[in-house]
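>>> Got a sequence here, can you build the structure:
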Amino acid sequence: MDREGKVSCILPSGASTGSREASELRDGGPAWHGKGVTKAVENINNVIAPALQGFDAADQADIDAKMKELDGTSVKSNLGANAILAVSMAVCRAGAAEKNQHVSQHIANLAGMPTCETYQSLKTILLAKFGRNAVNVGDEGGFVPPITEAQEALEILVAAIKDAGYEGKIEIGIDPAASEFHIDGKYDLNFKRNDPTKVELDIIGWTL
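The predicted structure is shown next:
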């Protein structure tokens, strides 16, 4: 940034994690029931921050690529995905501030499309289909409609994309934590059929 400023972010932590999912770096030990993140914070201060000196906050892709290079693992287990994502989110906010834009607009510009419109279309569909409780958000930030079939979740997302006018322009990316329903050598897509827990519905990512 050309001017001094401070940004902050709240880092999410996954409730369900697959065996090959990006790795959170936790301290272990008795403090905070092993959930402390001082190691991740040290990696931000001592490894990541010095390496990013001189980068422009608007260069999100270059900064993210540099952090992946610094970590050097496929699941970000060296520096910690929580360290890398925290910095990435803060950089995104700084880039938005540099351009005097709302964060959502800055993200839309980075992605090349106004994704917030699809999110609002999804909310409208869920309200009409299930009622107001369906657009409450779960512990990972996604809507929580009372559905148990994966197919229905995808069909609703497709409808939201179409209603927003982006059919053929947006692809759906999912983070299924697939190892959690890998049972006896097979993937059981009905593993929640008898589970009263609501399926959390997230739009994970968009690509042109």
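>>> how much space between residue 123 and residue 77?
36 Å (C-beta to C-beta, to the nearest Å). For every residue, glycine as well, the C-beta is placed using N, CA and C.
>>> right, I mislabeled it, should have said residue 59
According to C-beta to C-beta, residue 59 stands 25 Å off from residue 77.
>>> buried set for stretch 62-73?
Judged by neighbour count (16 or more other C-beta atoms under 10 Å), stretch 62-73 contains these buried residues: 63, 64, 67, 70, 71.
>>> Can I get the residues you listed in CSV including secondary structure, pLDDT and distance to residue 153?
Compiled in CSV, the buried residues of stretch 62-73 are given as follows (DSSP: H, G, I helix; E, B strand; the rest coil; pLDDT from 0 to 100; distance: C-beta to C-beta, whole Å):
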residue, secondary structure, pLDDT, distance to residue 153
63, helix, 97, 32
64, helix, 96, 28
67, helix, 97, 31
70, helix, 97, 35
71, helix, 97, 31
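>>> Just give me the closest of these to residue 148.
Closest approach to residue 148 among the buried residues of stretch 62-73 (C-beta to C-beta): residue 64, at 35.0 Å.
>>> Spatially nearest residue to the closest one (excluding sequence neighbours)?
residue 88 (5.5 Å; C-beta to C-beta, 6 or more residues apart in numbering).
>>> Contacts only, for the one you found.
Shown in contact with residue 88 (C-beta atoms under 8 Å, 6 or more residues apart in numbering): 60, 63, 64, 67.
>>> With residue 159 instead?
So residue 159 contacts residue 125 (C-beta under 8 Å, 6+ apart).
>>> For it, grab phi and psi.
phi -60, psi -40 (degrees, to the nearest 10).
>>> Model confidence for residue 32, exactly?
We have a pLDDT of 89 for residue 32.
>>> what about it, distance to residue 176?
Residue 32 is 29 Å from residue 176, by C-beta to C-beta.
>>> again with residue 131
Counting by C-beta to C-beta - residue 131 and residue 176 are separated by 26 Å.
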